[in-house]
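J.: With the sequence up front, the predicted model follows.
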Amino acid sequence: MIFNSIRVRLQLWYGLILVVILTGFGFTAWQLERGHLLGRINAELERRAGFLAHALHPRPRGPERGAPERDGPDSANLPFDRPPPGQLPEDGAPDTMTAPPQDLRLPPETAGLFDAGDPNNFYFIIYARDGRELRRSTNAPPQALISPGSPPPVQPSAANPPREDRDRHPQMAQIQGDRVELELRTPPGVSIHVGCTVAPELKELRVVALKLVLAGGVILLLGLTGGWWLAGRAIRPIEDISATAAKISDGDLSRRISLAETESELGKLAAVLNSTFARLEAAFAQQKQFTSDAAHELRTPVTVMLTQTQLSLSRERNSAEYRQTIETCQRAAQRMRRLIESLLALARLDAGQEPIKHLKLDLAALAREGAEQVRPLAEERGITLLLETNPAQCAGDSERLARVLTNLLTNAIQYNRPNGEVRVTTRLENQTAVLAVRDTGAGIAAEDLPRIFERFYRSDKSRTTGGNGLGLSICKAILTAHGGSIDVASEPGTGTTFTVRLPAQ
(Lines give C-alpha, C1' and ligand atoms only; values in the text may rest on other atoms or scores of the structure.)
Protein backbone atom coordinates (compact mmCIF):
# COMPACT_ATOMS: atom_id res chain seq x y z
CA MET A 1 0.00 0.00 0.00
CA ILE A 2 0.99 3.60 -0.56
CA PHE A 3 0.88 4.34 3.19
CA ASN A 4 3.66 1.81 3.77
CA SER A 5 6.07 4.29 2.19
CA ILE A 6 8.07 6.34 4.70
CA ARG A 7 8.19 9.20 2.22
CA VAL A 8 4.39 9.30 1.90
CA ARG A 9 3.89 9.15 5.66
CA LEU A 10 6.39 11.96 6.22
CA GLN A 11 4.63 14.01 3.57
CA LEU A 12 1.21 13.40 5.13
CA TRP A 13 2.40 14.46 8.58
CA TYR A 14 4.17 17.49 7.17
CA GLY A 15 1.07 18.45 5.15
CA LEU A 16 -1.24 17.99 8.15
CA ILE A 17 0.93 20.20 10.36
CA LEU A 18 1.17 22.81 7.62
CA VAL A 19 -2.63 22.79 7.10
CA VAL A 20 -3.23 23.25 10.83
CA ILE A 21 -0.76 26.15 11.02
CA LEU A 22 -2.11 27.86 7.90
CA THR A 23 -5.71 27.39 9.05
CA GLY A 24 -4.98 28.86 12.47
CA PHE A 25 -3.05 31.76 10.98
CA GLY A 26 -5.71 32.46 8.33
CA PHE A 27 -8.60 32.28 10.81
CA THR A 28 -6.78 34.59 13.22
CA ALA A 29 -5.99 37.07 10.45
CA TRP A 30 -9.61 37.00 9.24
CA GLN A 31 -10.94 37.51 12.76
CA LEU A 32 -8.61 40.45 13.30
CA GLU A 33 -9.71 42.02 10.02
CA ARG A 34 -13.36 41.39 10.89
CA GLY A 35 -12.92 42.93 14.32
CA HIS A 36 -11.18 45.92 12.77
CA LEU A 37 -13.97 46.51 10.23
CA LEU A 38 -16.81 45.98 12.70
CA GLY A 39 -15.02 48.13 15.29
CA ARG A 40 -14.78 50.91 12.73
CA ILE A 41 -18.52 50.60 11.97
CA ASN A 42 -19.35 50.52 15.70
CA ALA A 43 -17.29 53.68 16.32
CA GLU A 44 -19.06 55.40 13.43
CA LEU A 45 -22.46 54.39 14.83
CA GLU A 46 -21.53 55.77 18.25
CA ARG A 47 -20.36 59.01 16.68
CA ARG A 48 -23.62 59.52 14.79
CA ALA A 49 -25.68 58.49 17.80
CA GLY A 50 -23.84 61.16 19.79
CA PHE A 51 -24.82 63.83 17.27
CA LEU A 52 -28.46 62.72 17.53
CA ALA A 53 -28.34 62.75 21.35
CA HIS A 54 -26.86 66.25 21.30
CA ALA A 55 -29.59 67.43 18.93
CA LEU A 56 -32.27 65.96 21.20
CA HIS A 57 -30.86 67.31 24.48
CA PRO A 58 -28.90 70.53 23.91
CA ARG A 59 -27.23 72.19 26.91
CA PRO A 60 -26.85 75.99 27.07
CA ARG A 61 -23.56 77.35 28.23
CA GLY A 62 -23.67 79.10 31.56
CA PRO A 63 -21.79 79.60 34.78
CA GLU A 64 -23.24 76.42 36.26
CA ARG A 65 -21.62 74.47 33.39
CA GLY A 66 -18.26 75.93 34.13
CA ALA A 67 -18.25 78.21 31.06
CA PRO A 68 -17.31 81.88 31.41
CA GLU A 69 -20.08 84.45 31.37
CA ARG A 70 -20.41 86.76 28.43
CA ASP A 71 -21.62 90.28 28.72
CA GLY A 72 -23.52 91.81 25.89
CA PRO A 73 -26.82 91.80 24.11
CA ASP A 74 -26.17 88.40 22.44
CA SER A 75 -25.52 86.47 25.66
CA ALA A 76 -29.10 85.14 25.72
CA ASN A 77 -28.76 83.69 22.20
CA LEU A 78 -25.65 81.53 22.76
CA PRO A 79 -25.50 78.42 20.55
CA PHE A 80 -25.86 74.94 22.03
CA ASP A 81 -22.78 72.81 22.69
CA ARG A 82 -22.02 70.10 20.15
CA PRO A 83 -19.70 67.24 20.87
CA PRO A 84 -16.71 66.65 18.72
CA PRO A 85 -17.02 63.74 16.31
CA GLY A 86 -17.10 60.38 18.11
CA GLN A 87 -17.88 61.90 21.60
CA LEU A 88 -21.23 61.35 23.35
CA PRO A 89 -23.02 64.03 25.41
CA GLU A 90 -21.64 64.61 28.88
CA ASP A 91 -23.22 62.70 31.71
CA GLY A 92 -25.29 64.91 33.92
CA ALA A 93 -28.19 64.94 36.28
CA PRO A 94 -31.60 64.33 34.71
CA ASP A 95 -32.79 67.86 35.54
CA THR A 96 -30.23 69.33 33.16
CA MET A 97 -31.50 67.23 30.23
CA THR A 98 -34.59 68.45 28.45
CA ALA A 99 -37.23 66.07 27.11
CA PRO A 100 -37.43 65.88 23.32
CA PRO A 101 -40.19 67.91 21.71
CA GLN A 102 -43.21 66.15 20.25
CA ASP A 103 -42.50 67.56 16.79
CA LEU A 104 -38.80 66.59 16.62
CA ARG A 105 -36.71 68.48 14.11
CA LEU A 106 -33.03 67.79 13.50
CA PRO A 107 -30.40 70.28 12.36
CA PRO A 108 -29.55 69.88 8.65
CA GLU A 109 -25.96 68.87 9.37
CA THR A 110 -27.14 66.09 11.72
CA ALA A 111 -29.81 64.89 9.30
CA GLY A 112 -27.15 64.85 6.56
CA LEU A 113 -25.27 62.13 8.43
CA PHE A 114 -28.07 59.73 7.47
CA ASP A 115 -28.18 60.31 3.76
CA ALA A 116 -29.52 57.36 1.75
CA GLY A 117 -26.72 57.87 -0.77
CA ASP A 118 -24.06 56.71 1.71
CA PRO A 119 -22.61 53.26 0.80
CA ASN A 120 -23.38 52.05 4.32
CA ASN A 121 -26.90 53.53 4.25
CA PHE A 122 -26.82 54.88 7.84
CA TYR A 123 -30.28 55.26 9.38
CA PHE A 124 -31.82 56.13 12.74
CA ILE A 125 -35.04 55.50 14.64
CA ILE A 126 -35.89 57.42 17.82
CA TYR A 127 -38.33 56.01 20.38
CA ALA A 128 -39.87 57.63 23.44
CA ARG A 129 -39.80 55.97 26.87
CA ASP A 130 -43.21 54.41 26.23
CA GLY A 131 -42.06 52.87 22.94
CA ARG A 132 -43.71 55.48 20.75
CA GLU A 133 -41.72 56.29 17.63
CA LEU A 134 -40.72 59.94 17.54
CA ARG A 135 -38.68 60.17 14.37
CA ARG A 136 -37.00 57.96 11.76
CA SER A 137 -34.84 58.56 8.75
CA THR A 138 -36.29 57.99 5.32
CA ASN A 139 -34.00 55.00 4.69
CA ALA A 140 -34.73 53.26 8.02
CA PRO A 141 -36.06 49.66 7.84
CA PRO A 142 -39.62 48.97 9.04
CA GLN A 143 -38.44 47.11 12.12
CA ALA A 144 -35.45 47.85 14.36
CA LEU A 145 -33.03 45.02 15.20
CA ILE A 146 -33.12 45.96 18.90
CA SER A 147 -36.52 46.20 20.55
CA PRO A 148 -36.94 49.62 22.27
CA GLY A 149 -36.89 49.36 26.04
CA SER A 150 -35.42 45.82 26.13
CA PRO A 151 -33.01 45.17 28.99
CA PRO A 152 -29.36 45.49 28.12
CA PRO A 153 -27.52 42.16 27.52
CA VAL A 154 -24.95 42.88 30.28
CA GLN A 155 -25.26 41.88 33.94
CA PRO A 156 -24.55 44.69 36.47
CA SER A 157 -21.15 44.48 38.11
CA ALA A 158 -18.29 46.72 39.17
CA ALA A 159 -17.21 46.89 35.54
CA ASN A 160 -20.85 47.21 34.36
CA PRO A 161 -22.77 49.69 36.56
CA PRO A 162 -26.58 49.49 37.18
CA ARG A 163 -29.05 50.38 34.44
CA GLU A 164 -29.67 53.99 35.44
CA ASP A 165 -25.91 54.69 35.06
CA ARG A 166 -25.55 52.52 31.97
CA ASP A 167 -28.47 54.22 30.24
CA ARG A 168 -26.31 57.23 29.57
CA HIS A 169 -24.06 55.11 27.29
CA PRO A 170 -24.63 53.13 24.09
CA GLN A 171 -25.20 49.40 24.27
CA MET A 172 -23.17 46.90 22.27
CA ALA A 173 -24.09 46.90 18.62
CA GLN A 174 -26.00 43.89 17.34
CA ILE A 175 -25.53 42.42 13.88
CA GLN A 176 -28.01 40.39 11.89
CA GLY A 177 -27.48 39.45 8.29
CA ASP A 178 -25.92 42.45 6.59
CA ARG A 179 -27.31 44.99 9.11
CA VAL A 180 -25.79 46.26 12.33
CA GLU A 181 -27.63 48.43 14.84
CA LEU A 182 -26.69 50.27 18.06
CA GLU A 183 -29.04 51.57 20.77
CA LEU A 184 -28.30 54.69 22.81
CA ARG A 185 -30.52 55.39 25.82
CA THR A 186 -30.58 58.90 27.20
CA PRO A 187 -31.54 59.82 30.77
CA PRO A 188 -34.99 61.22 29.86
CA GLY A 189 -35.85 57.75 28.52
CA VAL A 190 -35.41 58.33 24.83
CA SER A 191 -34.02 55.34 22.89
CA ILE A 192 -31.93 56.22 19.86
CA HIS A 193 -31.35 53.39 17.37
CA VAL A 194 -28.63 53.98 14.82
CA GLY A 195 -27.83 51.32 12.21
CA CYS A 196 -26.42 50.72 8.80
CA THR A 197 -25.77 48.04 6.27
CA VAL A 198 -22.44 46.26 6.39
CA ALA A 199 -22.72 44.71 2.95
CA PRO A 200 -19.54 46.50 1.72
CA GLU A 201 -17.64 45.33 4.78
CA LEU A 202 -18.95 41.78 4.42
CA LYS A 203 -17.93 41.83 0.79
CA GLU A 204 -14.52 43.09 1.82
CA LEU A 205 -14.31 40.30 4.42
CA ARG A 206 -15.19 37.74 1.75
CA VAL A 207 -12.45 39.16 -0.45
CA VAL A 208 -10.02 38.97 2.48
CA ALA A 209 -11.09 35.38 3.17
CA LEU A 210 -10.61 34.49 -0.51
CA LYS A 211 -7.16 36.08 -0.51
CA LEU A 212 -6.23 34.21 2.65
CA VAL A 213 -7.46 30.94 1.16
CA LEU A 214 -5.55 31.55 -2.07
CA ALA A 215 -2.40 32.58 -0.20
CA GLY A 216 -2.73 29.58 2.11
CA GLY A 217 -3.25 27.29 -0.88
CA VAL A 218 -0.15 28.63 -2.61
CA ILE A 219 1.89 28.31 0.59
CA LEU A 220 0.53 24.79 1.15
CA LEU A 221 1.36 23.79 -2.44
CA LEU A 222 4.86 25.21 -2.14
CA GLY A 223 5.30 23.61 1.27
CA LEU A 224 4.13 20.20 0.05
CA THR A 225 6.36 20.45 -3.01
CA GLY A 226 9.35 21.42 -0.89
CA GLY A 227 8.47 18.75 1.66
CA TRP A 228 8.25 16.09 -1.04
CA TRP A 229 11.63 17.19 -2.38
CA LEU A 230 13.21 17.21 1.08
CA ALA A 231 11.66 13.84 1.95
CA GLY A 232 13.04 12.47 -1.31
CA ARG A 233 16.53 13.71 -0.48
CA ALA A 234 16.24 12.23 3.02
CA ILE A 235 14.99 8.87 1.74
CA ARG A 236 17.36 8.60 -1.26
CA PRO A 237 20.32 7.34 0.85
CA ILE A 238 18.05 4.68 2.34
CA GLU A 239 17.03 3.64 -1.18
CA ASP A 240 20.71 3.46 -2.14
CA ILE A 241 21.41 1.32 0.92
CA SER A 242 18.50 -0.99 0.04
CA ALA A 243 19.60 -1.29 -3.59
CA THR A 244 23.19 -2.08 -2.58
CA ALA A 245 22.05 -4.61 0.02
CA ALA A 246 19.82 -6.28 -2.62
CA LYS A 247 22.77 -6.62 -5.02
CA ILE A 248 24.95 -8.01 -2.24
CA SER A 249 22.25 -10.56 -1.37
CA ASP A 250 22.28 -11.61 -5.03
CA GLY A 251 25.94 -12.56 -4.65
CA ASP A 252 27.85 -9.41 -5.58
CA LEU A 253 29.80 -9.00 -2.35
CA SER A 254 32.08 -6.33 -3.81
CA ARG A 255 29.34 -3.67 -3.92
CA ARG A 256 29.55 -0.77 -1.47
CA ILE A 257 27.29 2.15 -0.53
CA SER A 258 28.50 5.51 -1.83
CA LEU A 259 27.24 8.58 0.06
CA ALA A 260 28.46 12.14 -0.27
CA GLU A 261 27.38 13.23 3.24
CA THR A 262 29.60 10.98 5.30
CA GLU A 263 29.14 12.99 8.52
CA SER A 264 25.33 12.74 8.58
CA GLU A 265 23.44 10.01 10.45
CA LEU A 266 22.83 8.06 7.24
CA GLY A 267 26.44 8.61 6.18
CA LYS A 268 27.64 7.06 9.43
CA LEU A 269 25.18 4.20 8.96
CA ALA A 270 26.49 3.67 5.42
CA ALA A 271 30.07 3.59 6.73
CA VAL A 272 29.14 0.94 9.30
CA LEU A 273 27.31 -1.10 6.66
CA ASN A 274 30.24 -0.81 4.24
CA SER A 275 32.55 -2.05 6.97
CA THR A 276 30.15 -4.92 7.67
CA PHE A 277 29.93 -5.77 3.96
CA ALA A 278 33.74 -5.74 3.74
CA ARG A 279 34.03 -8.15 6.67
CA LEU A 280 31.27 -10.26 5.15
CA GLU A 281 33.12 -10.42 1.82
CA ALA A 282 36.35 -11.33 3.61
CA ALA A 283 34.55 -14.01 5.63
CA PHE A 284 32.99 -15.50 2.51
CA ALA A 285 36.35 -15.45 0.74
CA GLN A 286 38.01 -17.06 3.73
CA GLN A 287 35.25 -19.64 3.98
CA LYS A 288 35.57 -20.41 0.30
CA GLN A 289 39.33 -20.76 0.60
CA PHE A 290 38.93 -22.80 3.77
CA THR A 291 36.52 -25.21 2.06
CA SER A 292 38.85 -25.56 -0.92
CA ASP A 293 41.88 -26.17 1.30
CA ALA A 294 40.01 -28.66 3.48
CA ALA A 295 38.88 -30.57 0.40
CA HIS A 296 42.44 -30.57 -0.90
CA GLU A 297 43.85 -31.80 2.41
CA LEU A 298 41.29 -34.59 2.64
CA ARG A 299 41.66 -35.57 -1.00
CA THR A 300 45.37 -36.38 -0.64
CA PRO A 301 45.06 -39.16 2.00
CA VAL A 302 41.92 -40.51 0.36
CA THR A 303 43.77 -40.69 -2.96
CA VAL A 304 46.67 -42.50 -1.29
CA MET A 305 44.32 -45.04 0.29
CA LEU A 306 42.43 -45.68 -2.94
CA THR A 307 45.64 -46.03 -4.94
CA GLN A 308 47.16 -48.48 -2.49
CA THR A 309 44.05 -50.64 -2.26
CA GLN A 310 43.60 -50.73 -6.02
CA LEU A 311 47.21 -51.82 -6.51
CA SER A 312 46.82 -54.54 -3.91
CA LEU A 313 43.65 -55.83 -5.53
CA SER A 314 44.97 -55.74 -9.07
CA ARG A 315 46.85 -59.06 -8.56
CA GLU A 316 47.82 -61.53 -5.91
CA ARG A 317 50.52 -60.30 -3.51
CA ASN A 318 52.47 -61.81 -0.66
CA SER A 319 51.89 -60.98 2.99
CA ALA A 320 54.72 -58.43 3.17
CA GLU A 321 53.27 -56.43 0.28
CA TYR A 322 49.80 -56.53 1.85
CA ARG A 323 51.27 -55.39 5.15
CA GLN A 324 53.04 -52.49 3.47
CA THR A 325 49.79 -51.43 1.78
CA ILE A 326 47.89 -51.55 5.03
CA GLU A 327 50.52 -49.48 6.83
CA THR A 328 50.39 -46.83 4.08
CA CYS A 329 46.62 -46.69 4.34
CA GLN A 330 46.91 -46.41 8.11
CA ARG A 331 49.24 -43.43 7.89
CA ALA A 332 46.89 -41.74 5.42
CA ALA A 333 43.93 -42.45 7.69
CA GLN A 334 45.76 -41.03 10.72
CA ARG A 335 46.61 -37.90 8.77
CA MET A 336 42.98 -37.57 7.76
CA ARG A 337 41.86 -38.16 11.36
CA ARG A 338 44.18 -35.39 12.65
CA LEU A 339 42.85 -33.02 10.01
CA ILE A 340 39.24 -33.82 10.87
CA GLU A 341 39.91 -33.35 14.59
CA SER A 342 41.56 -29.99 13.92
CA LEU A 343 38.66 -28.85 11.75
CA LEU A 344 36.17 -29.96 14.39
CA ALA A 345 38.09 -28.12 17.13
CA LEU A 346 38.17 -24.93 15.05
CA ALA A 347 34.46 -25.19 14.29
CA ARG A 348 33.63 -25.59 17.97
CA LEU A 349 35.86 -22.70 18.97
CA ASP A 350 34.31 -20.44 16.31
CA ALA A 351 30.80 -21.36 17.47
CA GLY A 352 31.69 -20.98 21.15
CA GLN A 353 30.76 -24.60 21.80
CA GLU A 354 34.17 -25.65 23.06
CA PRO A 355 34.02 -25.57 26.88
CA ILE A 356 36.80 -23.38 28.24
CA LYS A 357 37.77 -23.70 31.91
CA HIS A 358 38.92 -20.59 33.74
CA LEU A 359 41.07 -21.87 36.54
CA LYS A 360 43.99 -20.14 38.19
CA LEU A 361 47.33 -21.26 36.73
CA ASP A 362 50.93 -20.11 36.32
CA LEU A 363 52.35 -19.75 32.81
CA ALA A 364 55.83 -20.38 34.24
CA ALA A 365 54.87 -23.87 35.44
CA LEU A 366 53.05 -24.51 32.16
CA ALA A 367 56.17 -23.51 30.20
CA ARG A 368 58.40 -25.87 32.22
CA GLU A 369 56.02 -28.81 31.66
CA GLY A 370 55.80 -28.11 27.93
CA ALA A 371 59.57 -27.88 27.61
CA GLU A 372 60.01 -31.27 29.27
CA GLN A 373 57.54 -32.83 26.81
CA VAL A 374 59.38 -31.61 23.69
CA ARG A 375 62.91 -31.99 25.07
CA PRO A 376 63.45 -35.42 23.40
CA LEU A 377 62.55 -33.89 20.01
CA ALA A 378 64.90 -30.95 20.67
CA GLU A 379 67.78 -33.26 21.67
CA GLU A 380 67.19 -35.36 18.56
CA ARG A 381 67.66 -32.26 16.36
CA GLY A 382 70.46 -30.76 18.50
CA ILE A 383 68.35 -27.82 19.70
CA THR A 384 69.03 -26.25 23.10
CA LEU A 385 66.01 -25.31 25.23
CA LEU A 386 66.50 -22.25 27.48
CA LEU A 387 63.92 -21.26 30.11
CA GLU A 388 63.63 -17.83 31.76
CA THR A 389 60.42 -18.23 33.73
CA ASN A 390 59.09 -15.68 36.16
CA PRO A 391 55.71 -16.15 37.89
CA ALA A 392 52.84 -15.12 35.56
CA GLN A 393 49.49 -15.91 37.13
CA CYS A 394 46.42 -16.03 34.86
CA ALA A 395 43.07 -17.83 34.53
CA GLY A 396 42.46 -20.36 31.80
CA ASP A 397 42.17 -23.95 30.61
CA SER A 398 45.53 -25.57 31.29
CA GLU A 399 44.94 -28.40 28.81
CA ARG A 400 44.25 -26.11 25.86
CA LEU A 401 46.94 -23.59 26.79
CA ALA A 402 49.39 -26.52 26.98
CA ARG A 403 48.36 -27.41 23.41
CA VAL A 404 49.17 -23.84 22.33
CA LEU A 405 52.59 -24.03 23.98
CA THR A 406 53.32 -27.48 22.49
CA ASN A 407 52.46 -26.24 18.98
CA LEU A 408 54.73 -23.21 19.36
CA LEU A 409 57.63 -25.26 20.77
CA THR A 410 57.29 -27.94 18.09
CA ASN A 411 57.35 -25.31 15.33
CA ALA A 412 60.34 -23.57 16.94
CA ILE A 413 62.29 -26.88 17.01
CA GLN A 414 61.19 -28.09 13.56
CA TYR A 415 62.05 -24.85 11.72
CA ASN A 416 65.22 -24.00 13.66
CA ARG A 417 68.76 -24.21 12.27
CA PRO A 418 70.96 -27.12 13.29
CA ASN A 419 72.40 -26.70 16.81
CA GLY A 420 70.16 -23.70 17.35
CA GLU A 421 68.33 -22.73 20.48
CA VAL A 422 64.76 -22.07 21.63
CA ARG A 423 64.25 -19.56 24.44
CA VAL A 424 61.01 -19.59 26.49
CA THR A 425 60.28 -16.64 28.82
CA THR A 426 57.33 -15.76 31.08
CA ARG A 427 56.64 -12.50 32.93
CA LEU A 428 53.97 -10.11 34.17
CA GLU A 429 53.62 -6.90 32.21
CA ASN A 430 50.94 -4.22 32.87
CA GLN A 431 48.46 -6.65 34.46
CA THR A 432 49.06 -9.09 31.60
CA ALA A 433 50.66 -12.53 31.74
CA VAL A 434 53.15 -12.83 28.86
CA LEU A 435 54.73 -15.97 27.39
CA ALA A 436 57.29 -15.70 24.56
CA VAL A 437 58.84 -18.45 22.43
CA ARG A 438 61.90 -17.38 20.41
CA ASP A 439 63.89 -19.51 17.97
CA THR A 440 67.09 -18.96 15.99
CA GLY A 441 65.76 -20.29 12.70
CA ALA A 442 65.65 -18.83 9.21
CA GLY A 443 62.72 -16.54 10.07
CA ILE A 444 59.54 -15.74 8.16
CA ALA A 445 59.31 -13.52 5.11
CA ALA A 446 57.67 -10.15 5.67
CA GLU A 447 54.96 -10.83 3.06
CA ASP A 448 53.99 -14.05 4.88
CA LEU A 449 53.65 -12.53 8.37
CA PRO A 450 50.15 -10.97 7.91
CA ARG A 451 48.73 -14.35 6.82
CA ILE A 452 50.64 -16.65 9.15
CA PHE A 453 47.51 -17.37 11.27
CA GLU A 454 45.21 -18.04 8.31
CA ARG A 455 43.86 -21.56 8.05
CA PHE A 456 45.67 -23.84 5.61
CA TYR A 457 48.07 -21.05 4.69
CA ARG A 458 51.51 -22.31 3.73
CA SER A 459 54.75 -20.80 2.60
CA ASP A 460 58.23 -22.17 2.41
CA LYS A 461 58.98 -20.77 5.87
CA SER A 462 55.52 -20.75 7.50
CA ARG A 463 54.89 -22.35 10.89
CA THR A 464 52.48 -25.27 10.66
CA THR A 465 51.84 -28.27 12.89
CA GLY A 466 51.32 -31.72 11.45
CA GLY A 467 51.65 -30.43 7.92
CA ASN A 468 48.01 -29.35 7.54
CA GLY A 469 48.39 -25.59 8.11
CA LEU A 470 45.96 -25.46 11.06
CA GLY A 471 48.29 -25.43 14.08
CA LEU A 472 48.71 -21.66 14.41
CA SER A 473 45.03 -21.09 13.54
CA ILE A 474 44.05 -23.36 16.43
CA CYS A 475 46.45 -21.51 18.74
CA LYS A 476 44.90 -18.18 17.87
CA ALA A 477 41.34 -19.51 18.27
CA ILE A 478 42.14 -20.94 21.72
CA LEU A 479 43.74 -17.69 22.91
CA THR A 480 40.85 -15.61 21.54
CA ALA A 481 38.43 -17.81 23.51
CA HIS A 482 40.50 -17.01 26.63
CA GLY A 483 40.35 -13.27 25.94
CA GLY A 484 44.04 -13.21 25.01
CA SER A 485 46.10 -12.66 21.88
CA ILE A 486 49.13 -13.95 19.98
CA ASP A 487 51.61 -11.90 17.96
CA VAL A 488 54.56 -12.80 15.79
CA ALA A 489 57.78 -10.91 15.03
CA SER A 490 60.44 -12.25 12.68
CA GLU A 491 63.69 -11.22 11.05
CA PRO A 492 64.82 -13.37 8.12
CA GLY A 493 68.11 -15.07 8.97
CA THR A 494 67.83 -14.22 12.67
CA GLY A 495 64.77 -15.97 14.08
CA THR A 496 61.11 -15.69 15.00
CA THR A 497 59.36 -14.79 18.24
CA PHE A 498 55.76 -15.70 19.11
CA THR A 499 54.30 -13.71 22.03
CA VAL A 500 51.20 -14.86 23.94
CA ARG A 501 49.31 -12.41 26.19
CA LEU A 502 46.58 -13.37 28.68
CA PRO A 503 44.77 -11.29 31.32
CA ALA A 504 46.61 -11.59 34.63
CA GLN A 505 44.86 -13.10 37.61
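T.: Received, thanks. The shown structure was predicted, so the numbers you read here are calculated from the model rather than taken from an experiment. Numbering: from 1, shown residues only.
J.: who's in contact with the residue nearest to Glu399 when sequence neighbours are not counted?
T.: In space, and not counting its chain neighbours, Glu399 is closest to Lys357: 7.9 Å by Cβ to Cβ, 6 or more residues apart in numbering. To be clear about C-beta, it is placed using only N, CA and C from the backbone, and glycine gets the same treatment. Residues in contact with Lys357 (Cβ atoms under 8 Å, 6 or more residues apart in numbering) are 396-399.
J.: Out of those residues, which end up buried?
T.: The neighbour-count test (16 or more other Cβ atoms under 10 Å) marks 396-397 as buried among these.
J.: What is the nearest of the contacts of Lys357 to Val500?
T.: If you rank the contacts of Lys357 by distance to Val500 using Cβ to Cβ, Gly396 comes first, at 10.6 Å.
J.: May I ask you to confirm that that closest one is in contact with Ala504?
T.: No: between Gly396 and Ala504 there is no contact under Cβ atoms under 8 Å: 11.2 Å.
J.: coming back round to it: out of the contacts of Lys357, name the ones that lie in strands.
T.: Gly396 (DSSP state E).
J.: can the contacts of Lys357 go into a markdown table with extra columns for pLDDT and distance to Ile326?
T.: Converted to a markdown table, these look like this (pLDDT from 0 to 100; distance: Cβ to Cβ, whole Å):
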| residue | pLDDT | distance to Ile326 |
| --- | --- | --- |
| Gly396 | 89 | 41 |
| Asp397 | 88 | 37 |
| Ser398 | 88 | 38 |
| Glu399 | 87 | 33 |
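J.: between the contacts of Lys357, which is nearest Ala489?
T.: The closest of those, once distances to Ala489 are taken by Cβ to Cβ, is Gly396, at 23.1 Å.
J.: so which strand or helix has Leu134?
T.: In this structure, Leu134 is located in strand 133-136 according to DSSP states H and E.
J.: Return the list of strands paired to that strand, each annotated with direction.
T.: The sheet places strand 133-136 alongside strand 123-127 (antiparallel), with pairing taken from DSSP bridges.
J.: For the strand it pairs with, what is the distance to the chain centroid?
T.: Centre-to-centre, strand 123-127 and its host chain are 67 Å apart (Cα atoms, centre = their mean, to the nearest Å).
J.: tell me the mean pLDDT for it?
T.: Per-residue pLDDT over strand 123-127 has a mean of 88.
J.: so what secondary structure elements neighbour the host helix or strand of Leu230?
T.: According to DSSP H and E, Leu230 maps onto helix 199-249. Packing partners of helix 199-249 (3 or more Cβ pairs under 8 Å, 6 or more residues apart in numbering; DSSP states H and E): helix 6-56, helix 265-314.
J.: Ile219 is nearest to which of those?
T.: Among the helices and strands packed on helix 199-249, the nearest to Ile219 by Cβ to Cβ is helix 6-56 (6.1 Å).
J.: in stretch 36-51, what counts as buried?
T.: 37-38, 41-42, 44-51.
J.: between those residues, which is closest to Gln287?
T.: Leu37 (81.0 Å).
J.: For Leu210, find the nearest of the helices and strands packed on helix 199-249.
T.: Among these, helix 6-56 sits nearest to Leu210 (Cβ to Cβ), with 10.4 Å.
J.: how close does Ser5 sit to Gln286?
T.: 39 Å (Cβ to Cβ, to the nearest Å).
J.: any weak-confidence spans in the stretch 101-250 of the chain?
T.: Low-confidence segments of the stretch 101-250 of the chain, defined by pLDDT under 70, span residues 101-104, 116, 149-172.
J.: go with 80
T.: 101-112, 115-120, 147-173, 187-189, 233-240, 248-250 (pLDDT under 80).
J.: Equivalent analysis for the stretch 251-400 of the chain, please.
T.: 251-268, 270, 282-300, 338-339, 341-356.
J.: same thing but at 90, please
T.: 251-359, 381, 389, 396-400 (pLDDT under 90).
J.: Mind checking what secondary structure Arg129 has?
T.: Secondary structure, DSSP: H, G, I helix; E, B strand; the rest coil: Arg129 is coil.
J.: For burial, what's the neighbour tally of it?
T.: 14 (other Cβ atoms under 10 Å).
J.: Can you name the residues that contact it?
T.: Contacts for Arg129 (Cβ under 8 Å, 6+ apart) come out as 149, 188-191.
J.: Assign Pro119 to helix, strand or coil.
T.: Pro119 - assigned by three-state DSSP - is coil.
J.: Name the nearest residue to it, ignoring sequence neighbours.
T.: Pro200 (5.4 Å).
J.: do the same with Asp439
T.: Per Cβ to Cβ, 6+ apart, closest to Asp439 is Ala412, 3.9 Å.
J.: just checking, that neighbour touches Ala436?
T.: No: checked against Cβ under 8 Å, the pair Ala412 and Ala436 is beyond contact range at 10.8 Å.
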